[in-house]
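Visitor: Provide a 3D model corresponding to the input given below.
(one chain, ligands or ions: 2)
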Amino acid sequence: MTLSATTTSTSTRRGLHVITWGCQMNVYDSARMSDVLRPLGYEPVDAPDHADMIILNTCHIREKAVEKVFSELGRLRNIKNTREAEGKQTVIAVAGCVAQAEGQEILSRAPYVDIVMGPQTYHRLPEMVARAARAGGAVIETDFPAEQKFDFLPDSAAPQTAGNLTAFLTIQEGCDKFCSFCVVPYTRGAESSRPVTSVIAEARRMVESGVQEISLLGQNVNAYHGEGPDGKTWGLADLAYELAKIPGLTRIRYATSHPRDMDDSLINAHRDLPELMPFLHLPVQSGSDRILTAMNRGHTADEYREIIKKLRDVRPDMALSSDFIVGHPGETDEDFEQTMQLVRDVGFALAYSFKYSQRPGTPAAGAPLQVPEHVKDTRLQALQALLRQQQDDFAESLIGQTISVLLTGKGRKPGQITGRSPWLQPVHITGTEELIGQTVSVTITERLTNSLNGIMVKETVDA
Ligand code: 5AD
Ligand code: SF4
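Guide: Ligands and ions are numbered 1, 2, ... in the order given. Next up is the predicted model:
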């Protein structure tokens, strides 16, 4: 492929380097920030040393977030100084949830930062860049504006997904659930959903550019309640049925879900739509009713078990993934044992587990009965050992089975190509590059640490 750069005047071209930490929503936001800056002449460069603008897109969800940001900013300041000595300017912007929560602190401790912006303000980025250039001073934008940022972000001129077979699509943001431990309701603000037509239009554009698998994103994605073309409010199930009609869109996923919003219509969509992948990330955090209440999760451990049962009744190949927190204030050995029991009862294909960390401003941070660090360590080790075993068992159970694999790229070894299973595991097969982009039937032969080996038995399967 030959690319011509002659249409763009080199004098107006500027390098943009975005560093992304945290969740998939941040990955999506970083792509959209690149989109809004493209008309100003900013083109991605892969090293900060060559960038006229560096955006650090941060995550605040667990501990040491702030220290990590300041240490990275120290590194970026050195780059800025070196470039300045060469007569080049570098704009440093801090985005994401740490920017939202610690905006003032960043500007006072790191005065060389030019722009601080919260997640709701990215559509104003061009204006902020212009203001920073004019004023030569720092710009801070962390208020939650009344308008919806989704309405103001441009349709991607060169789709972020060009050439990709899989893509993320943010459909919902924010959270009103106020779990005791979580900063998201404070950093991402109240819940809001994109209108259905805008989501469908973006999904169509993605599919036209070659995408076959879309992961719908939102902090509380299954609380989605977007305005439908009929003027009614549509839930995630309604949206999924509509998306499944797009020809060429063979796989749909969504994350992250809350058990409270896992209603029957969504469970039935898993029964009706083969496009909805049989793999669900449904964080439960704890298996103890006492702790679930303290966490303000709004459901019991048995209600969670019941949801899983319903999902497996309609989709027997459904596999589950989850998040767990050990050592929430007040968690006793018995509470922790109930978490272990829930894990044994459900059986998870994948899970993320964390030691509780105090997030300033959240209710649990000031709660009595904080659990000592060494107790959290012991519990985390036990939980992770069990979860690792379950992950391996799940992968092992696929050996000998024939599954559908979307082939996405070259493998690590010559003559090998790699794809992903319905359960997001990387699968390696022997094959040539022409197969990339096809969904094929693969018999699994071997489990590696975090991936599978298999043999292709048939080209092109019904998804
Ligand atoms: N301490 C530990 N883990 C946390 N998470 C969110 N907040 C905290 C916290 N204060 C975890 C939860 C959530 C995941 C994204 O991060 O398990 O589901
Ligand atoms: Fe945080 Fe709870 Fe909202 Fe998830 S549901 S984003 S854990 S407050």
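
Visitor: What strand or helix carries residue 22?
Guide: For residue 22, there is no host helix or strand (DSSP states H and E).

Visitor: Kindly report the same for the one 4 residues further on.
Guide: Per DSSP H and E: residue 26 is located in helix 24-37.

Visitor: Now do the buried residues in the helix or strand that that helix is followed by.
Guide: Downstream of helix 24-37, the first helix or strand assigned by DSSP H and E is strand 42-44. Neighbour counts over strand 42-44 (16 or more other C-beta atoms under 10 Å) mark residue 42 as buried. To be clear about C-beta, it is placed using only N, CA and C from the backbone, and glycine gets the same treatment.

Visitor: what does strand 42-44 contact?
Guide: With contact meaning C-beta atoms under 8 Å, 6 or more residues apart in numbering, strand 42-44 is reached by 13, 14, 15, 16, 17, 18, 34, 52, 53.

Visitor: ok, so what distance separates the closest residue in space to the second one that isn't next to it in sequence from ligand 1?
Guide: Right, residue 14. Closest residue to residue 14 apart from its sequence neighbours, by C-beta to C-beta, 6 or more residues apart in numbering: residue 52 at 4.0 Å. Remark: distance between residue 52 and ligand 1 (C-beta to the nearest ligand atom, to the nearest Å) = 33 Å.

Visitor: One more: residue 393?
Guide: 22 Å.

Visitor: and the nearest residue to that residue once chain neighbours are set aside, what is it in contact with?
Guide: Using C-beta to C-beta, 6+ apart and skipping the chain neighbours, the partner closest in space to residue 393 is residue 347 (7.8 Å). By C-beta under 8 Å, 6+ apart, the residues touching residue 347 are 320, 390, 393, 394.

Visitor: right, and the last one touches residue 346 too?
Guide: Spelled out, it's residue 394. No. Using C-beta atoms under 8 Å, residue 394 is not in contact with residue 346, being 11.6 Å away.

Visitor: Same drill for the two, tell me which one is more crowded.
Guide: Neighbours were counted for residue 394 and for residue 346 using other C-beta atoms under 10 Å; residue 346 has more, 21 against 18.

Visitor: What strand or helix carries the nearest residue to the more buried one once chain neighbours are set aside?
Guide: In this structure, residue 346 finds its nearest non-sequential neighbour in residue 308, 5.4 Å apart by C-beta to C-beta, 6+ apart. For residue 308, the host element (DSSP H and E) is helix 301-314.

Visitor: quick one on the thing from earlier: the residue nearest to residue 14 against residue 92, yeah?
Guide: No. Residue 52 lies out of contact with residue 92 (C-beta under 8 Å); the separation is 10.7 Å.

Visitor: So those two - more neighbours on which side?
Guide: Neighbours were counted for residue 52 and for residue 92 using other C-beta under 10 Å; residue 92 has more, 23 against 18.

Visitor: Which strands or helices does the strand or helix carrying that one pack on?
Guide: Element membership of residue 92 [criterion: DSSP H and E] is strand 91-95. Using 3 or more C-beta pairs under 8 Å, 6 or more residues apart in numbering; DSSP states H and E, the elements in contact with strand 91-95 are strand 53-58, helix 65-85, strand 115-117, helix 125-135.

Visitor: I'd like those laid out as a markdown table, including mean pLDDT.
Guide: Output for the helices and strands packed on strand 91-95, formatted as a markdown table (pLDDT from 0 to 100):
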| stretch | mean pLDDT |
| --- | --- |
| strand 53-58 | 95 |
| helix 65-85 | 93 |
| strand 115-117 | 91 |
| helix 125-135 | 74 |
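
Visitor: Buried residues, the helix holding residue 308. List them.
Guide: In helix 301-314, the ones that count as buried by 16+ other C-beta under 10 Å are 301, 304, 307, 308, 310, 311, 312.

Visitor: ok, and the closest non-adjacent residue to the third one?
Guide: In this structure, residue 307 finds its nearest non-sequential neighbour in residue 262, 4.9 Å apart by C-beta to C-beta, 6+ apart.

Visitor: Now flag whichever of the buried residues of helix 301-314 is closest to residue 437.
Guide: Nearest to residue 437 out of those is residue 311 (C-beta to C-beta; 29.8 Å).

Visitor: re the thing from before, and the strand holding residue 92, which strands flank it?
Guide: Counting by DSSP bridges, the strands paired with strand 91-95 are strand 53-58 (parallel), strand 115-117 (parallel).

Visitor: Export those to JSON lines and append columns for mean neighbour count and distance to ligand 2.
Guide: Shown next, in JSON lines, are those (neighbours: other C-beta atoms under 10 Å; distance: least, C-beta to the nearest ligand atom, whole Å):
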{"stretch": "strand 53-58", "mean neighbour count": "26", "distance to ligand 2": "16"}
{"stretch": "strand 115-117", "mean neighbour count": "24", "distance to ligand 2": "20"}
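
Visitor: got those as JSON lines, with distance to residue 337 columns?
Guide: Converted to JSON lines, the strands paired with strand 91-95 look like this (distance: least, C-beta to C-beta, whole Å):
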{"stretch": "strand 53-58", "distance to residue 337": "36"}
{"stretch": "strand 115-117", "distance to residue 337": "44"}
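
Visitor: closest to residue 448 out of those?
Guide: Of all the strands paired with strand 91-95, strand 53-58 comes closest under C-beta to C-beta, at 31.5 Å.

Visitor: List the contacts of that closest one.
Guide: 14-22, 26, 29-30, 33, 37, 42, 48, 65, 69, 72-73, 76, 79, 90-99, 129.

Visitor: Low-confidence regions, the stretch 101-250 of the chain specifically.
Guide: 133-140, 142-163 (pLDDT under 70).

Visitor: which parts of it sit against ligand 2?
Guide: Contact residues (C-beta under 6 Å from any ligand atom) of the stretch 101-250 of the chain with ligand 2: 175, 177, 178, 179, 182, 184, 185, 219, 220.

Visitor: can you rerun that using 5 Å?
Guide: 175, 177, 179, 182, 184, 219 (C-beta under 5 Å from any ligand atom).

Visitor: Out of these, name the ones that lie in helices.
Guide: residue 184 (DSSP state H).

Visitor: among the residues of the stretch 101-250 of the chain next to ligand 2, which are in reach of ligand 1?
Guide: residue 182.

Visitor: so which pair among the residues of the stretch 101-250 of the chain next to ligand 2 is furthest apart in space?
Guide: 179 and 219 (11.0 Å).

Visitor: what residues does the stretch 51-200 of the chain put near ligand 1?
Guide: 61, 181, 182.
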